[in-house]
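Trainee: Quick one, fold the following:
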Amino acid sequence: MEKLSKILITIQGNFIAPRFDMVSEVLIASTDGQNLFEKPRTILISRPSADELCSFITKEDITIVVCGGIEERHYKYLSWTKKKIFDSVIGPYAEALQLVLENRLVSGTILTGAVGDEACP
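Mentor: Predicted coordinates for the structure are as follows:
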């Protein structure tokens, strides 16, 4: 059996949050590598803080992080703690989650759902 992985996506509405340091909500999904193990859950962050979010990611044993812009020091810290990071991703978080499950997401991806005025929260 494949080991379970936990995916964290920084979100704002239905989209990936543009800035890691200003996140107030995250989505956490557990996967066996290709399928969701359970329904993803949304967690509200008490106050935006990149340092606290990094601590949360470590404590929750998150293995994959999907986000928009992230400062280099936080990127380096998460990389050092062996997290796989997909940064500079723009668009609906549901699309990003599906691409992670299909092992097709890459950093810098602009998702098809990001086209149009509704993509600018």
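Trainee: ranges for the helices of the chain?
Mentor: In order along the chain, the chain carries the following helices (DSSP state H): 50-59, 72-80, 93-101.
Trainee: Deepest in the core, which of these is it.
Mentor: helix 93-101 (a mean of 20; mean count of other C-beta atoms under 10 Å). C-beta here means a position set from N, CA and C on the backbone, and glycine is covered the same way.
Trainee: what's that helix packed up against?
Mentor: Applying 3 or more C-beta pairs under 8 Å, 6 or more residues apart in numbering; DSSP states H and E, we find helix 93-101 packed against strand 5-12, strand 15-16, strand 25-31, strand 64-66.
Trainee: now the angle from that helix to strand 5-12?
Mentor: Counting by axes from the mean of the first three to the mean of the last three C-alpha atoms, to 10 degrees, helix 93-101 lies at 160 degrees to strand 5-12.
Trainee: How about residues contacting helix 93-101?
Mentor: 7, 9, 11, 14-16, 27, 29, 31, 34-36, 40, 64, 66, 86, 89, 105, 109, 111-113 (C-beta atoms under 8 Å, 6 or more residues apart in numbering).
Trainee: Now that helix: average pLDDT?
Mentor: The average pLDDT within helix 93-101 is 96.
Trainee: cool, and stretch 30-39?
Mentor: Averaged across stretch 30-39, the pLDDT comes to 89.
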